[in-house]
Structures are given as C-alpha cells and as structure tokens.
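Q: Provide a 3D model corresponding to the input given below.
(chains A and B)
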Amino acid sequence: MEIALLYVAGAVLLGLAGIGVGVGVGVLGARFLEGIARQPELLPMLRTQFFIVMGLVDAIPIIGVAIALYIMFAVVGG
Amino acid sequence: MASDAQTTTGYIKHHLQNLTYGQHADGSWGVAHGAAEAKAMGFWAIHLDTMFWSILLGALFLWGFRKAAQRASAQTPSGFLNFVEWIVEFVDENVRGSFSHKSDLVAPLALTLFVWVLLMNTMDLVPVDWIPQIAGLMGIEYMKVVPTTDPNATFGMALGVFVLTLFYSIKIKGVGGFAAELTMQPFQAKNPILKILFVPANFFLEFVSLISKPISLSLRLFGNLFAGEMIFILIALLFSGGAVLAVAGGVLQWAWAVFHILIVLLQAFIFMTLTIVYLEMAHSHH
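A: Take a look at the predicted model:
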C-alpha cells in the first residue's frame, strides 16, 4: 500500500511537472516565434532572452522531476 | 565500491552520498560511513568532496585566467587567450546591459560566478562512475563529483550574493531608505495614517520577495544539476543489464550529455544574470 502510494506520488509529480513546463514553454515558444515573425532582425537578442526565460520557467518542474525520479528509484527500492 | 552498491537502490544512493566529515555519535571526529552516520552528524559536518572539487575548480579558474592576463599583449591573441577574451567580453557585455551604475565589484563578481559555476557544472559531463571508482580504488568510500548537485554549495553562493545585496541596499539607500523600500511598497498612500496601516502588509510581501531571491537562486541551480545527475545515474544503471541495454545506455548517455551541455551553460548564465539583476536592484532608488 505505502509503496503503491509512493509510486503514485512520483507519477503525479512527474505528470504535473510535465503539464506545467509544457504550458509554460509552449506559451513562451509561441511568443518567441511571433516575435521573430514580426521582427526577424531581432532573432539573436530574442533567442538569448528566450533561453534565459526558458531556464527560469523549467527550474521548478525540473526539481519536481528530480524528486519524482528519486522517489521512484531510490526511496521505493530501498 | 562499498557493499551497499550492489543493488539498484544502493547504487543510486551511493552516488548521491557526499563524503561527510563531522563528529561521530561517540564524540570522535572522522569521515562518515554511510548515509545514516552522515545524517547523525547533524549541522556541524562538512562535505569534503564538495569542498575539494569546488575549491580545485575555483583555483583552476583563477590560475588559468591569471595566466591569460599575464600573457595579454597588443599582438593578435591565439588559442586560450582568445577564449578568455571572449568570455570576459561576453560577461562585460551582459553586465553593461543590465547594470546601469558604477561599481568595481559587479563585473568581476559576475565573471567569477559564471566561470566557476560553469566549471562545476561541467563536472557533470564526466561519466558518473569514473571519478568515484578511482576514488574507491584509493580507499575513499563516497565521492560526489559535481559540487553544484550539493545544495550546500549552491546555497553558500546564493547567501554570498544575498549578503552583498543587503550590504549595497543599505550602503546606497541608507538604513532608512532600505526600510522604506521594505515597508512603503507596493501599497502606497498619501495619508500618513493609511501609510502606517499599510506597513504590515507591505512588509510581509516585500520580505517574502526578499527571502525568496536567494532560495530560488540556489534551488534553481541545484535542481537542474541534480536532475541531470539523477538521469545520468539512471542511464548508467543500463550498463549492467546486458549487451543490448548497454549499447542503448551508451547512446542515451551521449544524447543526454549533448542536451545537458545546454543546461550546464544556461544555468551558469542565469546564475550570473540574476546576480547582476539583484545587485542592480540593490543599487537603484525607487
């Protein structure tokens, strides 16, 4: 029972992190492409900013992914 | 290799355990054998591997850049000199872009943080088993090679930045100015009674945002690198599963390493950029 709960916890963590980062980076990427379409000459600047903000957006989900993997492989197996 | 490294779980846990030096339960000082013993040491324990690798890489950075600075001349630079010049110019450009005041500290700090964090992150690209195995042959039980996958290292750096932010906030704006910044925003009023009424709410909001800065700064770096390391460890598990899985593991490890280069660079860059932005905020009046 407890082990099953741990697996569910890990799965929920992974899934929610995936949803969050998917929506976040999706919106960000859409705006990025819109920006390039509007002003192609800004591409180098926009790309730098895009990567910075992407790093900010996926920071919390990636922590969630790390914790989920840790739960599923290290805590449960122990 | 220690005895607990035989099972999958043991393997992962072994890789995530720092070489901890502290006081044993019986009062003697020494290196912990196993996670439980390390945990029992409590607060006054130090991670020897994190300290060793971070100081070694910091020294490498200082030595390399000093060497480049000494050899700098008016002639066409070559090789390593070119590389150093490129990094310095890149950092300089970023500092000029987001820091608008005069300071002798911010650009060197940004350069140090960027190169240091980058070097520490790059240790993640060394295959996960190499250095721990060599250390194991030398009789060192635990060896966690990437200092930035240890929250102690990232929190240490973020606290350093936080102290600098506080110092410059108070130095530039004075104690009164800093206190006003903490209590007079974001709700503002002309009426003095309303002003006082807004103080607790303002202070709560501003205090949370002040404290969240070093925490998010350090957790972001730690989380990204920890996740990367975790996936490398999981991929490394494939090598013990027969020939087919080993080949798949090799391909996966290569692919993840290539992708991870992006994260390694990006996180070092973000750490530097946010440091500059925080110091800029500390310098500017409202």
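Q: mind showing which ranges of chain A have poor pLDDT?
A: Chain A contains residues with pLDDT under 70 at A:1, A:77-78.
Q: so what's the residue nearest to the spatial centre of it up against?
A: The centre of chain A sits closest to A:Val21, judged by Cα atoms, centre = their mean, with a distance of 3.3 Å. For A:Val21, the contact set (Cβ atoms under 8 Å, 6 or more residues apart in numbering or on different chains) comprises A:57-58, A:61-62. Using the backbone N, CA and C atoms, a C-beta is placed for each residue, glycine as well.
Q: May I see these organised as a markdown table, with distance to chain B added?
A: Formatted as a markdown table, the contacts of A:Val21 follow (distance: Cβ to the nearest Cβ, whole Å):
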| residue | distance to chain B |
| --- | --- |
| A:Val57 | 11 |
| A:Asp58 | 8 |
| A:Pro61 | 9 |
| A:Ile62 | 5 |
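Q: for these, which one is nearest B:Pro200?
A: B:Pro200 lies nearest to A:Val57 out of the contacts of A:Val21, by Cβ to Cβ, at 32.2 Å.
Q: Okay, and the residue of the stretch 151-286 of chain B found nearest chain A sits in which element?
A: Nearest residue of the stretch 151-286 of chain B to chain A: B:Gly223, at 3.3 Å (Cβ to the nearest Cβ). Using DSSP states H and E, B:Gly223 falls within helix B:192-237.
Q: surely B:Leu274 meets B:Leu217?
A: Yes: counting by Cβ atoms under 8 Å, B:Leu217 is a contact partner of B:Leu274 at 5.7 Å.
Q: what about the helices in the chain?
A: Unless you meant another one, I'm taking chain A. Here chain A has its helices, by DSSP state H, at A:2-38, A:43-57, A:59-70.
Q: other chain: chain B
A: Under DSSP H, chain B gives helices at B:8-15, B:35-40, B:48-71, B:80-98, B:106-122, B:130-137, B:151-183, B:192-237, B:243-283.
Q: which stretch among these comes nearest A:Leu46?
A: helix B:80-98 (14.4 Å).
Q: I'd like to check the angle between that closest one and helix B:106-122, please.
A: Helix B:80-98 runs at 120 degrees relative to helix B:106-122, counting by axes from the mean of the first three to the mean of the last three Cα atoms, to 10 degrees.
Q: Show me which residues of chain A sit near chain B.
A: When proximity is defined by Cβ under 8 Å from any Cβ of the partner chain, chain A lies next to chain B at A:51-52, A:54-56, A:59-60, A:62-63, A:65-66, A:69-70, A:73-74, A:77-78.
Q: Report the helix or strand with the lowest average pLDDT across chain B.
A: In chain B, no helix or strand scores lower on mean pLDDT, DSSP states H and E than helix B:35-40, which sits at a mean of 79.
Q: can you tell me if that one touches chain A.
A: No: with Cβ under 8 Å from any Cβ as the measure, helix B:35-40 is seen stopping short of chain A, the closest distance being 10.0 Å.
Q: how far is that helix from where the chain is centred?
A: Its chain's average C-alpha position is 24 Å from that of helix B:35-40, according to Cα atoms, centre = their mean, to the nearest Å.
Q: now what about it, what contacts it?
A: Looking at what lies outside helix B:35-40 - Cβ under 8 Å, 6+ apart - the contacts are B:13, B:17-18, B:20, B:22, B:24-25, B:32, B:45.
Q: List buried residues within those residues.
A: Buried members of these, counted by 16 or more other Cβ atoms under 10 Å in any protein chain shown: B:13, B:17-18, B:20, B:22, B:32, B:45.
Q: If anything else comes up later, I'll come back, but that's it for now.
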